[in-house]
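In: Just need the structure, nothing else, for what follows:
(chains A, B, C, D and E, ligands or ions: 4)
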Amino acid sequence: MPTPSAQVPLTPPAQVAMGSDLTVNNVEVVYHDIIQVLRGVSLTVRAGRVTSLLGTNGAGKTTTLRAISGLLKPENGKIREGTVTFEGRNLSGLGGTEVVKAGVVQVPEGRRVFKHLSVEENLRAGAILGRGHWPSDLERIYSYFPKLAGLRHKQAGYTSGGEQQMIAIGRALMAHPKVLLLDEPSLGLAPLLVAEIFDNVRQINREEGVGVLVVEQNASIALRHSDYGYVMEGGRIVMEGESAALADNPDVKEFYLGVTEQGGRKSFREVKSYKRRKRWM
Amino acid sequence: MPASRFTQTGNYRVRYQQDQTIFATYAEQTSLVVGVLLLLALPLLLPKTLLRDVNMIMIFAVAVLGLNVTTGYTGLINIGQAAFMGVGAYATALAATRLNLPFFLAIPLGGLAGALVGTFVGLPSLRLKYLYLAVATLAFQIIFEWLVGHLPVLAQGGAISMPAVQVFGVRDTFLNHNRFWYYLILPVLVGLGLLWRNVLRTRHGRSFIAVRDNDRAAAAMGINPGKAKLTAFMIGSFYAGVAGGLFAYFQKAVVIEDYGLHTSVQLLAMAIVGGLGSLPGSFLGPLFIVALDRFMGSASEWLGAQNIFPQGVDAATALRPLAFGLSIVLFLMFEPRGLANWWRLVRLYFKKWPYKF
Amino acid sequence: MNLLPQLLIAGVVIGSIYALAALGFVLIYKSSRVINFAHGQIIATGAFIAFALTQRGLNFWLAGLIAMLVTFGLGLLIERVFLRRMVGEPIISVIMVTIGLSSVIEGLIHLTPYGAGNFSFTAPAVLSGEGLSVLGTQLSRTQLAGVLAALALLGGFTYFFNKSTLGITMRAVADDQMAAMSVGTSVERVFALAWAAAALTAAAAGVILGLMSGLTLGGLAGIGLKVFPVVILGGLDSVIGAIVGGMLIGVLENLAAGYLDGLVPGGGTREVFPFIVLIAVLLLRPYGLFGTKEIERV
Amino acid sequence: QRTVTLAWSGAITGPTSDAGSSYAAGVEDYCRYANSQKMLSVTLNCVVRDDQYNNANTQRNFEEFVGNQNVPVFLGYATGGMLQIKGVVQETKVPTLPASYHIGIIDPPNNNYMFLPVSSYSENIVALLEWVAARERGAKVALIVNPSPFGRDPVVDARKAAARLGLKITDVQEVGGNNLDNTALLKRLEAQGAKYIINQNTAGPVANILKDAKRLGLLGKMQFMGAHYTGGEDLTKLAGDAAKDFVWATSYYMYDEGDRPGIQLVKKIGAQFGRKADTIRSVHYTSGMLAAAIAIEAMKRGGKDITAASVYKGLTSMNGGRAFNPGFTVGPVTFSAKDHVGAENLRLLQADATGNFKAITGPQRSKMFQLVHPLK
Amino acid sequence: MPQLHVEHVTLTFGGLNALTDVSLVVPEGEIVSIIGPNGAGKTSLLNCISGFYHPTQGRITFGSHDLSRAAPNVVTSYGIARAFQNLELFRGLSVVENLLLARHTHLRYGLLDSLIFYGKASRQEAENRAYVERIIDFMELEPHRHHPVGTLAYGIQKRVEVARALTLAPQLLLLDEPMAGMNVEEKEDMVRFILDIQREQGVTVVLIEHDLGVVMDISDRVYVLDFGQKIAEGTPEEVSADPRVIEAYTGVPGTGSVPAVQGAGA
Ligand SMILES: Nc1ncnc2c1ncn2[C@@H]1O[C@H](COP(=O)(O)OP(=O)(O)OP(=O)(O)O)[C@@H](O)[C@H]1O
Ligand SMILES: Nc1ncnc2c1ncn2[C@@H]1O[C@H](COP(=O)(O)OP(=O)(O)OP(=O)(O)O)[C@@H](O)[C@H]1O
Ligand SMILES: [Mg+2]
Ligand SMILES: [Mg+2]
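Out: Numbers count the residues shown, from 1 in each chain, chains lettered A, B, ... in the order given. Ligands and ions are numbered 1, 2, ... in the order given. Take a look at the predicted model:
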């Protein structure tokens, strides 16, 4: 398992806290008042930049996003310690609606489009705050995702996985966010589409100056498309750094990128077949 | 196995079959015996009208056990359980009056009739999901009541009197009515309770839960979801039918009003207040609802006598529906797992207390 | 004289009253997937509030309006106090809460002078005048008012759900609460609004029903049951379905009463016929004529 | 013996509570009035208990009153509950007075201790048929009944009577609550040529039928009529002017007949116990009083020791010169070992334009009824 | 052991062709992968095999059994098990109970035995419990045995899905994206389980997966779908060199060694 490594020093606190950065400060989260999942997580999403958050299953990545976006409550979770600040405001403890109003919007894990609504209605449902002018916003979304324009009236439940991911991102954009939180956008997507989605994210980031925090299992693509990265394990940030530097880290290479010491990719057939007993909890 | 089986301090089971035992420790077995003795002595300890309530609770418990199979375990919301009771009651009444069958044959016959009709009514469940099935059972409830009203053999819903029952030379009379039936209903309830528990810990019971949780995955496990649902309906309405037969004898006559929508709602309320899908809940729910009704009856009468309300007794009796409704609502809001959860907590507290159902 | 056209007309008229009664039911289901068993009781509440106000000398129309506003508030209150806590609980629990509520509301009405007894509105002159004769069927002005109110409300809500952002959002909430929250929707507010709107339409239905058949608690509350075949036929979450379902049930009832009753000793087939149709419809089209088909992909 | 309990069990909430709550008030008030008048040497403990129209509750109340409190007479209520309880009543020999005037309650078997305070629904209906036959030979009649044992009860007797009276019953239809639209029903009856429509129902469904008949212009063409629970204040309130000309059969005096001693008593007692005007006006209030009055009178006549047997004796001796006449009904209350109907006399009343019922016959018994349903 | 034959299968949803004339063969004991873009119809094909959908045209056979019209539970009884793309577990039940459910058809006692729960039922329950424990051991799920699966981490839940399918003791195992949402290390674990299942138990495997690294490394044979049509088939090497596949799916030429998306963060 990766451990904090000397090659990637932790960012000194002085570097943090620019005006419109989103900062997560030493946050602890418990579910059902007993299950502690985050054990003091701190990270910064720089304004206008793409930040990635990597980590094993169950490390608490989704939980971190929920802690930011105020969606812990419906899952019976709460922030026990720490703060989330954005533009000088403390977002922790706010409800989902307030956080969206503040300009931070989450694209949930597994996309969760409104299955029974048409594609266009899905997008309009994102315009609930009434920010901007929805008809022109629709055109804006269609310009990022031309595919969606052709599917306007199709029921979202019957669109393919990649299209659903586009709908979910487009829906979030309707609220004119300043920071976009993406939870595993590549989940279940074919390689070409993964690339397409990340290109889209990059484009949106560039053109609208939106800050992006992207949670990913697909570390290679996430690091390639982000400026800065964090690695999370067991509810803690265990590593961070510029994306390029992270991708060079040997532990990251072995456990997240599947690259051998020699730099080649090792074959899945050669996985050691003796039992590598590990603790999963 | 540890040397002492009196109290158990850990899991000492070494064979999977031991995981199946219900009463494992001596403490549990002793308290079982004590419990049984207590139950047998109950009629001697309770005043007569309370004993009547106990009998009602036990009859309701039989029906609620059934409801807990369909609704609690299989997730098929059933708003027609009282109609299945009615099917059992009428079948029992016909068996007793037309075929002159003794009650120990007439009541199981009622159960079978319930099961038969239940399976038939369950057929839409093969296609219907979610709330639509609930509405289909509601429709059955209404169609049932209508049908009885149009059938002269069923006295068009008027009274069909039940013959008096005699067991071991003891006759059912006004004075011993409640004791008499207590000793007949109790074994039926205990027996059906045991069968209930057995079914639900075997492949059938698991298939019910599987269908409830995820019927597609259930099908992928080789479970025929339709068959599972129908089996659940069959078992659930068998229990209802038996309850109906018992009720027919206990009330001494079958009248359609006893098996109306209101009773169905009451049964659902009992199942939920008790805790859906729970054996102790199936007893605690009816106990709570009946006790609450008795209490509110007295309370409202007392309030009426105090002349607090301008209209005296009429306004005060409003407290009964109010309390009934409020108790359901409050339970669901604050203790959705029902009384069974309280029961569990109490048992955790008295760790050594037995009955690890 | 041919019976059929008269039966059809009468069926459509009574059907639109059913549709009006069913509308609130659909509103709640559409946004929160809750079947509201207390709907009949809310209808009764609306009617009795209006009646109590007219008893105190208020103008009929004003009384009706105030009753609608009061029940609007009542809807908000019910949602806030009882249903908000139930978000995320299994659906049967939520249904049972509404069953409990129906009992609570009945109890509360019993605490007023209107709990037991028969009352009726003194209809304003506009509504009590000569009716209209359509194809040989005489329709009263009350009935016509009912049809108009039903069509207006149903049309309004259809537009609302399909075209307005708020309407779309309400449907989105029904679809996936979590996802709706993620784009900043206040799910609570949507639910509250749905209950309030439903209660408001229930009051309208209550007043019209009260005008037509007088006010008794049992009678008004009993409409809550009649609504089931209507919404199942039309589709639980479809406003259009409510009106079509209402009219179909109205017509079917009348056809049963007109043609079947003579064949069945004792008659009264209109009481069950809708429910038999209901089961048949469920088997052929499990989500009703206009209901949303559940999307299931594994 | 210091106190004796006079107990009633019926629907104060639940279905039919509109009638039940007034009935309960009548029972309770008359009982308290009896105490205040020292009618008996003992004090009455007046108990009215809500059974929510639930038969199991009725039986429980019966067991508690009869089994525990040893009441000498039981005042009951609903058709279903009373039919169900007949066996126990027979066994315990406690005289029982229902508020349901279903003839099956006093038909054998197990009928020895069941007493109807007034004429049965069947007798009401047969009397209406006699009235029709007198007006128009061979007239066509339709019956509309409640879809319950309560409603279906008189159908058999009505058919028999109609046959003997030369009337033609064109249809028997069941109509319950929520009958918001009766167009089809009425149009069909019209097509059948039925001119007389006799109802056995509660006031609500009847009112809806009348309103629809008015809308369809059938009021003049059809004569609507009904048994005890169809008419009176309840109908007036619900149907308004659509109730005009409705013919109603009942054994009770009307509230408007202020010169009748019974009605004066009702008003006096109602005022004494502070009842609402609406309650006092209700015929069910009077009915409740009648039941209580009969019970108390039977206690008084039964002898010093008040027991079920003494009350039975007191009841069955109410005949001939010893008939009881509290003035609530148009005839005296008579019972005997064979006769289990109290005030058999009834009148037909007809509603005027404002919905007030005015007698159109004097007090009478239905002769035909005694032929089609002889005492058993 | 029987082979799976899919012959000219077409599947239509109200005008939309999810599958058009797809044919494929799965030889016994092999690992066969199906790849293709999202919405290509991979899951639909699996649904057709496992009885959730029925092909509009064409035939699917498994040995002597015709699967084209069979219900899912019937297909299962022929020895075909499946793990779903989106978790379809019994979330409220524990791992043991989930697996016991998969023994449903292997438990052969009737409703009456159930009611009495003595002898037959009791004995079989204990035997099957032992069987389930062996699977738990094999899939390394011991620590989670009694936890409700709904509360387990996503990766574990995926593993429970596979374990549950395995508990059915199938001859053919259908896996729909068993490694979605996992990091490399976790994928390696899953690959090892799949290989063990195939090698040690001789189970035939049909695998749908978007991670080409995995697919190319472990498959004996690969089919490629696009817009419901089969556009390529062959060994991993053949398929990954096929221009049509590159255009429709991977976007990058080359063999299975290092697809671009899987490459190091360069
Ligand atoms: N609603 C909840 N109730 C209880 N525990 C939860 C809940 N949600 C998550 N957890 C637990 O919190 C831990 C972290 O979950 P989280 O979803 O944040 O992980 P993740 O890093 O996003 O993993 P994945 O890559 O699988 O999505 C897990 O162990 C999970 O079981
Ligand atoms: N039940 C259904 N009703 C209507 N259309 C459906 C249904 N199931 C699938 N489809 C359609 O069939 C096509 C193929 O879908 P399928 O799920 O098989 O794709 P897939 O290849 O598995 O994609 P992914 O990689 O995203 O899982 C899609 O266009 C989808 O919308
Ligand atoms: Mg996650
Ligand atoms: Mg798929």
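
In: Buried ones in the strand or helix carrying B:Ile59, by neighbour count?
Out: According to DSSP states H and E, B:Ile59 maps onto helix B:48-67. By neighbour count on 16 or more other CB atoms under 10 Å in any protein chain shown, the buried set for helix B:48-67 is B:48-49, B:51-67. Placement of C-beta: from N, CA and C, glycine included.

In: pLDDT of that helix, averaged?
Out: If you average the pLDDT over helix B:48-67, you get 94.

In: can you tell if that helix touches chain D?
Out: Yes - contact between helix B:48-67 and chain D, assessed by CB under 8 Å from any CB of the partner chain, occurs at B:48-49, B:52-53, B:56.

In: Please report phi then psi for the closest residue to ligand 2 within the stretch 51-200 of chain A.
Out: In the stretch 51-200 of chain A, the residue found nearest to ligand 2 is A:Gly161; the distance is 3.3 Å by CB to the nearest ligand atom. Per-residue torsions, A:Gly161: phi -60, psi -40 (degrees, to the nearest 10).

In: Was I right to think it contacts A:Gly188?
Out: Yes - A:Gly161 is in contact with A:Gly188 according to CB atoms under 8 Å; the separation is 5.2 Å.

In: got any residues that touch both of those two?
Out: E:Asn38 (CB atoms under 8 Å, 6 or more residues apart in numbering or on different chains).

In: Now for the residue of the stretch 151-281 of chain A found nearest chain B: which residues touch it?
Out: Relative to chain B, the nearest point of the stretch 151-281 of chain A is A:Gly157 (15.6 Å; CB to the nearest CB). Applying CB under 8 Å, 6+ apart, we find A:Gly157 in contact with A:113, A:115-116, C:295, C:297.

In: hmm, which of those are the buried ones?
Out: Using 16+ other CB under 10 Å as the burial test, the contacts of A:Gly157 include A:113, A:115-116 as buried.

In: Let me have the residues you listed in CSV, extended by pLDDT and secondary structure.
Out: Converted to CSV, the buried ones among the contacts of A:Gly157 look like this (pLDDT from 0 to 100; DSSP: H, G, I helix; E, B strand; the rest coil):
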residue, pLDDT, secondary structure
A:Val113, 92, coil
A:Lys115, 90, coil
A:His116, 90, coil
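
In: Among those, which one lies nearest to ligand 3?
Out: Among the buried ones among the contacts of A:Gly157, A:Val113 lies closest to ligand 3 (CB to the ion), at 17.5 Å.

In: and the closest residue to that closest one other than its chain neighbours, how many neighbours does it have?
Out: Leaving aside its sequence neighbours, A:Val113 sits nearest to A:Ala156 (CB to CB, 6 or more residues apart in numbering or on different chains; 4.2 Å). Around A:Ala156 there are 26 other residues, counting by other CB atoms under 10 Å in any protein chain shown.

In: give the contact list for A:Ala156.
Out: Neighbour list for A:Ala156: A:113-119, A:122, A:164, A:167 [criterion: CB under 8 Å, 6+ apart].

In: so of those, which ones are in helices?
Out: A:119, A:122, A:164, A:167 (DSSP state H).

In: For ligand 1, what's its nearest residue on the stretch 151-298 of chain C.
Out: Closest residue of the stretch 151-298 of chain C to ligand 1, CB to the nearest ligand atom: C:Met178 (10.8 Å).

In: Using CSV, write down the CA coordinates of the helix or strand hosting that residue.
Out: Assessed by DSSP H and E, C:Met178 sits inside helix C:177-182. This file holds the C-alpha atoms of helix C:177-182, laid out as CSV (Å, rounded to 0.1, in the frame of the first residue of the first chain):
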residue,chain,number,x,y,z
GLN,C,177,-34.4,12.6,-4.8
MET,C,178,-30.6,12.4,-4.3
ALA,C,179,-29.9,13.6,-7.8
ALA,C,180,-32.4,16.4,-7.5
MET,C,181,-30.7,17.6,-4.4
SER,C,182,-27.3,17.5,-6.1
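
In: Give the other helices and strands that the helix or strand following it contacts.
Out: Downstream of helix C:177-182, the first helix or strand assigned by DSSP H and E is helix C:187-213. If you count contacts as 3 or more CB pairs under 8 Å, 6 or more residues apart in numbering or on different chains; DSSP states H and E, helix C:187-213 packs onto helix C:3-32, helix C:39-55, helix C:60-78, helix C:141-163, helix C:165-175, helix C:177-182, helix C:217-234, helix D:203-215.
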